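S.K.: need the 3D shape of this:
(one chain, ligands or ions: 1)
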Amino acid sequence: MNLLNFYDNPRIRRAISRIADPRRVRILFVCLGNICRSPAAEGLMRQSVAENSTEERWIIDSAGTGGYHIGQLPDPRMRAHARRRGLELDHRCRQVSESDFDDFDLIIAMDNSNYSNLRRLAPSPEAQEKILQMAEFFDSVTSCDHVPDPYYDGADGFELVLDLLTAATRNLRDTVEANSLA
Ligand code: 4NP
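M.R.: From the prediction side, this is the model:
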């Protein structure tokens with residue numbers, strides 16, 4: 001993996017350069033329901049920063065553009081697939097709100113629909129620049145251009161999401177740490 005490839009993306013470069021305090025990077029993962037993809041991304045990001053002992057530098061959360069499952073734990077299927085990889089997902093579902101644009105430096109959308117909804121919710125052009133797509137951090141070998149919604153899929157869909165997110169959260173961690181953190 002070549003980290004330069006990610007940082008060469010002007011959208012990524014601009015968002016990282018605007019991180020308010022590089023010693024404390026606040027990142028929010030967003031999908032539709034906040035019970036499958038974004039809580040998995042949150043858990044994998046925590047695992048990823050624990051791997052290189054930088055967890056104290058990160059504030060990590062997730063939210064959904066929809067409000068269908070507020071207060072619930074992640075989908076039992078996602079929890080089971082994650083558990084097999086040593087990951088306990090105990091996030092409680094919440095809906096994204098305008099104040100999240102003050103509370104987070106980077107807001108990572110799982111697909112185009114989440115991305116458009118977040119752009120509409122952003123209170124300013126500067127706030128819009130905090131929004132990136134998870135796919136911008138995919139390994140170049142993947143044929144996916146978004147994180148597919150696994151809700152109506154079988155086991156393969158959940159495994160694919162976890163595979164995509166494992167690589168993308170590592171790439172995101174490494175790109176931010178190489179280009180912003182002291
Ligand atoms: P997620 O998956 O956006 O990855 O959490 C979904 C979960 C629930 C629904 C849609 C997507 N739903 O319509 O209830």
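
S.K.: drop to CA atoms for contacts and neighbour counts, all remaining ones
M.R.: Fine.

S.K.: mind listing residues that contact the longest helix along the chain?
M.R.: The longest helix of the chain (DSSP state H) is helix 155-179. Contact partners of helix 155-179, identified using Cα atoms under 8 Å, 6 or more residues apart in numbering, comprise 3, 6-7, 16, 37, 40-41, 44-45, 48-49, 77-78, 81-82, 134-135, 137-139, 147-150.

S.K.: next one: stretch 35-52
M.R.: For stretch 35-52, the external contacting residues (Cα under 8 Å, 6+ apart) are 28-31, 55, 58, 60-64, 69, 72-75, 78, 82, 87-89, 91, 93, 110, 147, 149-151, 161-162, 165-166, 169-170, 173.

S.K.: what residues does this structure have near the ligand?
M.R.: 31-37, 68, 149, 151 (Cα under 6 Å from any ligand atom).

S.K.: and if we set it to 8 Å?
M.R.: 30-39, 64, 66, 68-69, 74-75, 110, 148-151 (Cα under 8 Å from any ligand atom).

S.K.: filter these down to the buried ones, PyMOL style.
M.R.: Selecting only the buried entries of the residues of the chain next to the ligand in PyMOL, with 16 or more other Cα atoms under 10 Å as the criterion:
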select buried, resi 30+31+32+33+34+35+36+37+38+39+64+66+69+74+75+110+148+149+150
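
S.K.: mind giving me the ChimeraX command for buried ones among the contacts of stretch 35-52?
M.R.: Selection of buried members from these for ChimeraX, criterion 16+ other Cα under 10 Å:
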select :28,29,30,31,55,58,60,61,62,63,64,69,73,74,75,78,82,87,88,89,91,93,110,147,149,150,161,162,165,166,169,170,173
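
S.K.: the contacts of stretch 35-52 in helices, which ones?
M.R.: Short answer: those in helices (DSSP H) are 78, 82, 161-162, 165-166, 169-170, 173.
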